[in-house]
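A.B. asks: following is a predicted model, sequence given first.
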Amino acid sequence: MAEAMAQVKQDLGRDAVILHTRRFRRGGMFGFFGKEMVEIMAAIDTVQAAIVEKKQPIITTPLVANIDDTKITALQTEMATMRKMIEQMVCQLGKNGKELSPLMDLLIKNDIDPVIAANLIKGLPDENSIVGGDHGSVRKLLVDRIINYFPKIDGINIMPSSCKTVALIGPTGVGKTTTIAKLAANFVLKDGYKVALLTADTYRIAAVEQLKTYGDIIGVPIEIVYSPDEFKAALGRHKDKDLVLVDTAGRSPSNQCQLAELQALLSVDPDIETHLVLSTTTKYRDALEIVNKFSICSPQKILFTKVDEASNLGTILNLVYHFPTSLSYMTTGQSVPDDIELTSSTKLANMILRE
Ligand SMILES: Nc1nc2c(ncn2[C@@H]2O[C@H](COP(=O)(O)OP(=O)(O)O)[C@@H](O)[C@H]2O)c(=O)[nH]1
Ligand SMILES: [Mg+2]
């Protein structure tokens, strides 16, 4: 397979798209004793590149299609109550000729949903009314309230004498492969665990090579899996490891077919722990759609990347407010293995209130 992939790369370049792979035997009798052959059908994605260059119309899809009705009704009621409250507040502010409260202003500037912002500052002393008072303590109260909204923080917990399998899923380019490399390096080099890498991202040759390079540097075995059956077999071969990290191909939240394929892959073993990888640079509405659409793969945890790149962290708070899913790690740069840490709600809450 590696030889055939190299040939594809030579003929079509690193951006070739693998359309189909097949193993079969040639020669021999009744399919036995023959030489194993590998067939790869690949193409260069020039049409895709042309489409991307053209401006795409904005497609509006319902954001909450997969969420159950009771949750939608509860959210709608809550939103309606909060909206009424905000309208009253704004109306009151207009009457008094006052500016928006500095804290409300700060939250809105950090892209916190106005409804959530209003809820957060409800009942806090108005900073405008504190004459020579302690503004820092009001801010501290707000930080504590934000921290309270954060759900459970839970990284990868390795179990003694059993093999833990963790898969990272998410859209393309959010940092799944880089994060796998960071996790692998830390678990191997700092903690001395036995780790293996599996990649199901066989869509682009460059993606396989990227993980292979990391695997070679860290000194851990890496296997490429092309189907759910191969994935299951590979998991079986690595039962002696403490941790098996699984990289997957980036999936578009609007492509149901790709998502179903991913779901089928992950369902080969119910013990696989799945982390949904989201970039903090993603807009809140887009992040909502990603969480909603990837919910068919039942991720147990969310892992936020690119905390260093986001101009604000409103998306994180807006999301965890509505979806209190456990948070695992956060990544803070491109450097492998350093730029990763267990999510810290205190750190994030303070960053959310950046001036
Ligand atoms: N600034 C920044 N860049 C990151 C971070 N994590 C990954 N990247 C970069 O994002 C790009 C895409 O990463 P990759 O791991 O290939 O994404 P994947 O498609 O989800 O596997 C690469 O250039 C990475 O170096 C991060 O925490 N901060
Ligand atoms: Mg990748």
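C.D. replies: Cool, the structure landed. Numbering: from 1, shown residues only. Ligands and ions are numbered 1, 2, ... in the order given.

A.B. asks: ok, the residue of the chain found nearest ligand 1 - contacts?
C.D. replies: Closest residue of the chain to ligand 1, CB to the nearest ligand atom: residue 175 (3.0 Å). C-betas here are computed from N, CA, C, even on glycine. For residue 175, the contacting residues are 277, 279, 305, 306, 331, by CB atoms under 8 Å, 6 or more residues apart in numbering.

A.B. asks: tell me the confidence at it?
C.D. replies: pLDDT, residue 175: 96.

A.B. asks: likewise residue 279?
C.D. replies: 97.

A.B. asks: give me phi/psi at it?
C.D. replies: Residue 279 has phi and psi values of phi -90, psi 140 when expressed as degrees, to the nearest 10.

A.B. asks: tell me what it is bridged to.
C.D. replies: Applying DSSP bridges to residue 279 gives these bridge partners: residue 305.

A.B. asks: next up, the contacts around the residue in the stretch 51-200 of the chain positioned nearest to ligand 2.
C.D. replies: At 3.3 Å from ligand 2, residue 177 is the closest residue in the stretch 51-200 of the chain, using CB to the ion. Residue 177 makes contact with 201, 207, 210, 211, 214, 247 under the criterion CB under 8 Å, 6+ apart.

A.B. asks: out of those, give me the one that has the most neighbours.
C.D. replies: The most crowded member of the contacts of residue 177, judged by other CB atoms under 10 Å, is residue 247 (26 neighbours).

A.B. asks: how close does that residue get to residue 345?
C.D. replies: According to CB to CB, to the nearest Å, residue 247 stands 27 Å off from residue 345.

A.B. asks: just give me the neighbour total for the residue nearest to residue 171 when sequence neighbours are not counted.
C.D. replies: Of all residues not flanking residue 171 in the chain, residue 250 sits nearest, at 5.3 Å (CB to CB, 6 or more residues apart in numbering). By other CB under 10 Å, the residues close to residue 250 number 18.

A.B. asks: next: the one 10 residues further on.
C.D. replies: For residue 260, the tally of surrounding residues (other CB under 10 Å) stands at 13.

A.B. asks: work out for me the element it sits within.
C.D. replies: Using DSSP states H and E, residue 260 falls within helix 256-266.

A.B. asks: go on, residue 162?
C.D. replies: Here residue 162 is assigned to no helix or strand, by DSSP H and E.

A.B. asks: what's the burial count for it?
C.D. replies: Using other CB under 10 Å: residue 162 sits among 9 other residues.

A.B. asks: distance of it from residue 221?
C.D. replies: 19 Å.

A.B. asks: residue 355 now?
C.D. replies: Residue 355 is 48 Å from residue 221, by CB to CB.

A.B. asks: out of these two, which sits in the busier spot?
C.D. replies: Counting neighbours by other CB under 10 Å for residue 355 and for residue 221 shows that residue 221 has the greater number, 15 against 6.

A.B. asks: where does the more buried one fall, phi/psi-wise?
C.D. replies: According to degrees, to the nearest 10, residue 221 has phi -70, psi 150.

A.B. asks: please verify my assumption that it contacts residue 199.
C.D. replies: No - counting by CB atoms under 8 Å, residue 221 sits too far from residue 199 to count as a contact (11.6 Å).

A.B. asks: noted, bye for now.
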